[in-house]
Structures are given as C-alpha cells and as structure tokens.
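Novice: Sequence and predicted structure below; questions after.
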Amino acid sequence: MMRKTLIVLWVWAAVGLRVAPSALAQTAGAMAPSPGLDLSGNWAPVLHEDFPERIPGPELVFYSGLPINEAATLFALSWDSSRLTVPEHQCQVHVSPYMYRGPLQLRIWEERDPQSQRVIAIRQYIQNYEQNRTIWMDNRAHPPEGVAHTWMGFSTGKWEGNILTVYTTHIKDGWVRRNGLPESDQATLVEHFIRHGNMFTHVSIVTDPVYLSEPLIKSEDFLQVIPEGQNWVYPCESVVEIQRPRGAVPHYLPGENPFLKDFASRMKIPLEAALGGAETMYPEYREKMKTMPIAVQN
C-alpha cells in the first residue's frame with residue numbers, strides 16, 4: 001500500500017510539472033507579496049514645515065515663492081475672504097493637492113484580492129472634511145477626459161523601490177494657497193510617499209496649465225500615531241452667516257483690492273516680490289529685490 005501511494009504521488013508531481021509549469025509560475029507570482037513598504041496605520045502631520053501657511057493661514061496678497069502666472073494673480077486679487085461666509089463655500093473641501101497641508105488625521109490601509117492577496121488599492125480616510133481616497137494599484141487606466149472630477153480625483157499608484165508614487169487626474173478646482181490663489185480643474189498631481197520607520201514624507205508635484213507657469217513642489221512629514229489620538233469626524237453644516245442678495249458673491253474689481261500693499265509694506269519688501277511668480281522661488285531673486293522699491297501703504 002505504501003509503495004502504491006508513493007508511485008501515485010510521484011506520477012502526480014511529474015504530470016503536474018510537465019503539463020503546467022507556466023500555471024505553477026503564475027500561481028507563485030500571484031502569491032508573491034507586493035514590493036515596497038506598508039503605509040498602513042494612523043498618521044498625524046508634523047507641522048514644523050511652512051507652519052504659518054498651514055495653521056494660522058497665509059496673509060492676504062502674500063503670493064511669494066509660488067510659480068503662479070498673471071491669470072492666477074488676477075483671480076487672487078479679485079478674491080474677497082468674505083466669500084468663505086457664503087453657504088456654498090463654508091464646507092468646500094480642500095482638493096487632494098492641498099489636503100495634506102492642513103491639520104488632519106490620516107488613516108491608511110490596503111485592500112487585497114482575497115484569492116491572490118495582491119494589493120488592489122491603497123485606501124485613505126482623511127479626517128479633514130471626512131474624505132475617502134482610493135489609490136488603485138492594479139494597473140487600471142485613468143478615465144477619459146470628460147469624466148466628472150472629484151475633490152480627491154482619480155489616483156493610480158505604483159511602488160518604485162520603497163517609494164509609493166501616485167498619479168492623480170480629474171481633480172476639481174481648488175486652492176494653491178488659501179488666500180485666494182486658485183488651482184484649476186486641469187491640474188494634475190504626482191505624489192511620493194516615502195516611509196522612514198514611524199514617519200513618512202509626502203512630496204507633491206502639481207502641474208496646472210491654467211494658473212502655474214512651472215510645477216509646484218511641496219512636502220510635509222507625518223508621524224505614526226498609536227493609539228489613534230484625535231477626533232476622526234468633521235461634521236460641517238452650512239448656515240446663512242450674512243444676509244446678501246440672492247446670487248451675490250463677495251469680490252474686488254480690478255485695482256480695488258484694499259489689501260494690495262498691506263503685507264509687502266509691513267514686511268518691507270517690494271510689491272512685485274509679494275505678488276509671486278516662478279522667479280520668486282529662487283535664491284537669485286534676493287539680489288534683484290535690492291534694486292526694487294519697497295512697497296508703501298497708501
């Protein structure tokens with residue numbers, strides 16, 4: 001009986017190896033773990049980078065260090081901060097290129113195929129505005145150009161060594177800086193999630209053919225939080241704060257922004273420097289500033 005059993009097992013193994021080596025290879029490949037590091041966990045931002053912009057908020061007509069074009073400047077100088085009191089804007093979500101800059105709690109987990117255990121998607125729950133983001137990891141294509149845009153956009157990712165690189169399209173219009181500087185719905189986003197032990201660095205590269213003359217690169221760090229820590233809900237309900245005529249939107253007409261020189265004059269810098277542009281991102285611009293008149297508040 002034992003001899004017969006051994007013969008049967010030997011024949012079964014020989015037949016399997018002869019008729020289906022590719023099938024065995026596919027099975028082995030399907031069960032192999034995905035490359036890269038696991039980003040799963042609860043994370044909180046470390047706010048040491050660009051703190052004044054991210055928490056207190058940027059000052060009005062402070063656009064320095066951003067590669068904005070004339071269209072963005074015109075939009076921003078027409079923007080009145082009272083616009084945030086309009087019910088339609090009170091709960092307006094920060095889009096994915098900006099979302100990680102503010103105070104938030106971030107939860108990340110993997111969604112895996114139940115059969116192969118390959119990662120289908122990396123999911124994120126972002127406490128700020130209670131956003132759910134999906135980063136597809138199964139090589140699916142991005143949707144056609146005419147598909148509706150969302151706050152988080154449509155994201156696909158891939159591991160490049162131990163760095164998760166994410167490509168996002170179909171994003172709604174939002175902010176480059178939350179003092180009126182716009183980002184169009186034509187913007188695209190490239191991100192790199194780089195983990196270092198219980199921390200990870202998030203690097204974002206925004207390209208916007210409407211409002212940016214060069215790509216805008218930002219970064220911020222996150223620390224793993226155990227236990228969860230802060231509150232994970234963000235209930236937001238709009239109310240009528242100020243009575244206005246129906247359809248009225250706070251704004252400034254060209255040349256009528258009363259805060260045009262406020263920031264520049266207090267910082268004792270030229271107005272042109274406060275108005276930003278790609279040139280203001282580079283160290284060489286400091287030498288040019290020495291030849292320009294300091295802004296004086298009227």
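Specialist: That came in fine, so what should we check first?
Novice: how about the residue nearest the centre of the chain, what does it touch?
Specialist: The chain has P97 as the residue nearest its centroid, 3.0 Å off, counting by Cα atoms, centre = their mean. Residues near P97 by Cβ atoms under 8 Å, 6 or more residues apart in numbering: 168, 171, 174, 183, 187, 189, 204, 206. Heads up, the C-betas are built off the backbone N, CA and C, glycines and all.
Novice: From the chain's centroid, how far away is the one helix or strand L74 maps to?
Specialist: Taking DSSP states H and E as the criterion, L74 maps to helix 70-77. Relative to its parent chain, helix 70-77 has a centroid offset of 22 Å by Cα atoms, centre = their mean, to the nearest Å.
Novice: Low-confidence stretches in the stretch 51-200 of the chain?
Specialist: By pLDDT under 70, the stretch 51-200 of the chain has no low-scoring segment.
Novice: Tell me which stretches of it form strands.
Specialist: 106-112, 119-126, 131-136, 154-160, 163-169, 174-177, 181-183, 188-196, 199-207 (DSSP state E, counting those that start in this stretch).
Novice: so which of the ones you listed comes closest to I55?
Specialist: I55 lies closest to strand 174-177 among the strands of the stretch 51-200 of the chain, at 13.6 Å (Cβ to Cβ).
Novice: what does the closest one contact?
Specialist: With Cβ under 8 Å, 6+ apart as the test, strand 174-177 has contacts from 53, 58, 62-63, 66, 68, 72, 93-95, 97-98, 151, 181-183, 206, 208, 211-212, 216.
Novice: Paired strands for it, with orientation please.
Specialist: Sheet pairing for strand 174-177, assigned by DSSP bridges, gives strand 181-183 (antiparallel).
Novice: Contacts made by the strand it pairs with with the rest, please.
Specialist: So strand 181-183 is contacted by 63, 66, 68, 72, 75-76, 95, 97-98, 171, 173-176, 206, 208, 211, 276 (Cβ under 8 Å, 6+ apart).
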